[in-house]
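Undergrad: Below is the sequence, then the predicted model.
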Amino acid sequence: MKKKYSMMMIWALTLLSLPACKKFLTHDNPSGVTDAEWWKTESHAYGALGSVYAGIPAGSSGRNMMFWSGLSDEAVCRGDFKGNYDIYTRGLQNSTWDVAEWIWRDDYIDIRRACRFLENVDKCFMDDALRTRMKYEARALRAFYHMEIMLFFGDIPIVTTSVTPLENHLKRDPADKVYAFVLSELKDCAEHLPQEYDSDETWRISAGTCNALIAKLAIFYHHYDVARDAAAKVISSGVYKLYRSEKPNVNSFAELFSYTGELNKERIFFKADGCGTAWVTFAPYGIGGETYVSPTAAVVDNFETKQGKTPAELGADSVAIYRKDPNYKNNRDPRLVASILYPGEQFLDANYILSPFDNSPVNPDKIGVQKSTATGYWIRKYLDARDRQARDGKLDFMIIRYSEVLLIYVESLIELDDWKNPAIALHLNDIRTRAGMPAVDLQKYNSAALLRQLVRRERQSELAFEGQRYFDIRRWGIVKQVMNGQVLGATDPQTGVAVKVQDRSYIDRDYLWPIPEKETLSNPDMKQNPGY
């Protein structure tokens, strides 16, 4: 799989290196290689489509999805060279904010590439069935990029042709019109794309990918019937299943994010090598890594005990115990140790203990030290010991996993007042038992409100640091509640006092991102979002 994908990426990198003008919507005009010279063979079609695939987000590089955790209550970002995510959490972002500019620019470059592919691929001498399939791939990717921009910026221009510089006076289309466009495109593509590909092309967008994207889009806008139906199509396809290790007594959830579990049937949409830089993005500095995203106490507190209770449900004494020792007596949800490294934990080397509260001047893991944790916690997901020496790797990043689709389906049933549906327990138990957690106690969770609370907790336990929490807190209407006030990190086991990381501020304006200043200056018809 890796070898085949890398060959396709050679073509993508060729196109990525071509000169480009400065306006984002008109970027990527292949000067130096004319259309008459380029669009001739099947290889040219593969290369051009590869450039469209090149733009899908990654975990620890590119459009860093795992950094989006730092825009929510589950993490803190440091290290401006990968984007100044931190200023957003303090309400200091403006129209020159680099993160907004990069995402807007990159997505519209990718949209333009998709449009150019669709406008020119008929010139290539190639198999007609393959050409048709590739057109649907390009349309689905173009819809995905529109969807991504809309979820951050709201109203955006719908672009279906390769706009020239002289035509760069596009206006923003209302979000509901963009939603309808994306939904229509993904539905059509889902009907024509394969359910699955051969093993060396599993990275391609499929019918399942399209339906999973529909489910994600629809649930964000509270269209629960659409989300339910799209998720049901993914489930009923029989293509996907939760990953379970073949080895006994192994944390299957932890293994899923390693090279051992990389080739699995759980991933629906993924970026090849998308977490290749995880070691120099999340790992402790003292063991050869670098840390730019650090978990908060809020995400640690979310994990249940192995008895299916939160520390808060057990009382103040239990909360204090589990904050001093998050995995006290190895009695927490196994997804905690698969997702987070915490003070006092032994990591990789038998004699290496994580000590963020050791104030020795030679301690590289001390809180606040450059390239060390900001909170006393570290992200564990996607850290594989095989990447330690080289500080680089080839680990794929899963943009959408099957477990997320199951959670979307369950949540949609609850919000449609179908909370007694037996499918809710069926799918939740599938997720929980894979993680080593007990089945849902239906006598305890015996109402829509209680099940809603459980599913929201389950989403964070399952999907922590995968880029989903930021969208969840916005669509659930709790963003002001969790993004204002003081952020706490780990608790010093000696003093029982949690580290105070920062104060955050969030107002209504922050729900949408600022349109980049470069765009509004170059296009007089591009109106700015309110408050910026």
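TA: Right, received. Where do you want to start?
Undergrad: how about the strands in the stretch 51-200 of the chain?
TA: 75-77 (DSSP state E, counting those that start in this stretch).
Undergrad: Show me the helices in it, by range?
TA: Using DSSP state H, counting those that start in this stretch, the helices found in the stretch 51-200 of the chain span residues 86-89, 98-120, 128-153, 175-192.
Undergrad: now for those helices, which one comes closest to Pro295?
TA: helix 86-89 (14.3 Å; Cβ to Cβ). The C-beta positions use only the backbone N, C-alpha and C, and glycine is treated the same way.
Undergrad: what's the closest one packed up against?
TA: Under the contact definition 3 or more Cβ pairs under 8 Å, 6 or more residues apart in numbering; DSSP states H and E, helix 86-89 sits against strand 75-77, strand 498-504.
Undergrad: So Ala490 belongs to a strand, correct?
TA: Yes: under DSSP: H, G, I helix; E, B strand; the rest coil, Ala490 sits within a strand.
Undergrad: What ranges does the stretch 201-350 of the chain have for its helices?
TA: Under DSSP H, counting those that start in this stretch, the stretch 201-350 of the chain gives helices at 207-220, 224-236, 252-256, 279-282, 297-302, 311-314, 316-324, 334-339.
Undergrad: picking that back up, looking at the helices of the stretch 51-200 of the chain, which is nearest to Lys518?
TA: helix 98-120 (6.7 Å).
Undergrad: Average pLDDT for stretch 178-193, rounded please.
TA: Mean pLDDT, computed over stretch 178-193, is 98.
Undergrad: ok, back up a step: can you redo the helices and strands packed on helix 86-89 as a markdown table with mean neighbour count, mean pLDDT and distance to Asn251?
TA: Shown next, in a markdown table, are these (neighbours: other Cβ atoms under 10 Å; pLDDT from 0 to 100; distance: least, Cβ to Cβ, whole Å):
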| stretch | mean neighbour count | mean pLDDT | distance to Asn251 |
| --- | --- | --- | --- |
| strand 75-77 | 26 | 98 | 22 |
| strand 498-504 | 16 | 97 | 27 |
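Undergrad: Would you mind listing where this protein has pLDDT under the threshold?
TA: Within the chain, the segments meeting pLDDT under 70 span 1-33, 165-166, 350.
Undergrad: Can you give the domain ranges for it?
TA: By the assignment in automatic domain parsing, the chain contains the domains 2-63+93-246+513-522, 277-393.
Undergrad: Those domains: which one's closest to Ala425?
TA: Going by Cβ to Cβ, the one of the domains of the chain nearest Ala425 is domain 277-393, 13.1 Å.
Undergrad: just to revisit the earlier point, Ser355: which of the helices of the stretch 51-200 of the chain is closest?
TA: helix 86-89 (24.7 Å).
Undergrad: Ok, which of the helices and strands packed on helix 86-89 comes nearest Tyr470?
TA: Among the helices and strands packed on helix 86-89, the nearest to Tyr470 by Cβ to Cβ is strand 75-77 (9.8 Å).
Undergrad: what are the pairing partners of that closest one, and which direction each?
TA: Neighbouring strands of strand 75-77 in its sheet, by DSSP bridges, are strand 293-295 (antiparallel).
Undergrad: contact partners of the partner strand?
TA: By Cβ atoms under 8 Å, 6 or more residues apart in numbering, the residues outside strand 293-295 that reach it are 66-67, 69-70, 74-78, 281-282, 339-340, 373-379, 464-465, 489.
Undergrad: Recalculate using a threshold of 7 Å.
TA: 66-67, 69-70, 74-77, 281-282, 340, 373-375, 377-379 (Cβ atoms under 7 Å, 6 or more residues apart in numbering).
Undergrad: what do you get for stretch 196-216?
TA: By Cβ under 7 Å, 6+ apart, stretch 196-216 touches 1, 4-5, 137, 140-141, 144, 147, 183, 186-187, 189-190, 193-195, 226-227, 230-231, 233-234, 237, 239-240, 268-270, 272, 400, 405, 408.
Undergrad: Could I get the buried residue list for stretch 437-452?
TA: 437, 440, 445, 448, 451-452 (16 or more other Cβ atoms under 10 Å).
Undergrad: need the residues you listed in JSON lines with distance to Gly83, can you?
TA: Below are these laid out as JSON lines (distance: Cβ to Cβ, whole Å):
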{"residue": "Met437", "distance to Gly83": "34"}
{"residue": "Val440", "distance to Gly83": "38"}
{"residue": "Tyr445", "distance to Gly83": "39"}
{"residue": "Ala448", "distance to Gly83": "39"}
{"residue": "Leu451", "distance to Gly83": "37"}
{"residue": "Arg452", "distance to Gly83": "33"}
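Undergrad: Closest one of those residues to Phe253?
TA: Nearest to Phe253 among the buried residues of stretch 437-452, with distances taken as Cβ to Cβ, is Met437, at 9.7 Å.
Undergrad: So the closest one is in contact with Asp333, correct?
TA: Yes: Met437 is within contact range of Asp333, at 5.7 Å (criterion: Cβ atoms under 7 Å).
Undergrad: Quick check: neighbours shared by these two?
TA: 304, 306.
Undergrad: Among the helices of the stretch 201-350 of the chain, which comes closest to Ser61?
TA: Shortest distance between Ser61 and the helices of the stretch 201-350 of the chain, using Cβ to Cβ, is found for helix 279-282: 7.9 Å.
Undergrad: Please list all residues in contact with Leu416.
TA: 224-225, 228.
Undergrad: Got a ChimeraX select line for the buried ones in these?
TA: ChimeraX command restricting the contacts of Leu416 to the buried ones, with burial defined by 16+ other Cβ under 10 Å:
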select :224,228
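Undergrad: Turn the helices of the stretch 51-200 of the chain into JSON lines, columns for mean neighbour count and distance to Ile287.
TA: Putting the helices of the stretch 51-200 of the chain into JSON lines (neighbours: other Cβ atoms under 10 Å; distance: least, Cβ to Cβ, whole Å) gives the following:
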{"stretch": "helix 86-89", "mean neighbour count": "21", "distance to Ile287": "24"}
{"stretch": "helix 98-120", "mean neighbour count": "22", "distance to Ile287": "29"}
{"stretch": "helix 128-153", "mean neighbour count": "21", "distance to Ile287": "34"}
{"stretch": "helix 175-192", "mean neighbour count": "18", "distance to Ile287": "42"}
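Undergrad: Kindly reformat these as CSV containing distance to Lys394.
TA: Below are these laid out as CSV (distance: least, Cβ to Cβ, whole Å):
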stretch, distance to Lys394
helix 86-89, 29
helix 98-120, 22
helix 128-153, 22
helix 175-192, 29
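Undergrad: Would you tell me which of the ones you listed gets closest to Lys480?
TA: Nearest of those (Cβ to Cβ): helix 86-89, 12.8 Å.
Undergrad: quick one: secondary structure of the residue most central in space within the chain?
TA: By Cα atoms, centre = their mean, the mean C-alpha position of the chain lies nearest to Gly467, the distance being 3.3 Å. Following three-state DSSP, we place Gly467 in the coil state.
Undergrad: What does it show for phi and psi?
TA: Per-residue torsions, Gly467: phi 90, psi 10 (degrees, to the nearest 10).
Undergrad: Could you do the one 3 residues further on as well?
TA: Summarising the backbone geometry of Tyr470 under the convention degrees, to the nearest 10, its torsions are phi -60, psi -40.
Undergrad: is it true that it touches Glu74?
TA: No: in this structure Tyr470 lies outside contact range of Glu74 using Cβ under 7 Å: 8.8 Å.
Undergrad: And the closest residue to Leu413 other than its chain neighbours, how far from Asn429?
TA: What sits nearest to Leu413 in space, not counting adjacent residues and going by Cβ to Cβ, 6 or more residues apart in numbering, is Asn421, at 4.9 Å. Distance, Asn421 to Asn429, by Cβ to Cβ, to the nearest Å: 13 Å.
Undergrad: How about Ser412?
TA: Ser412 sits 18 Å away from Asn429, going by Cβ to Cβ.
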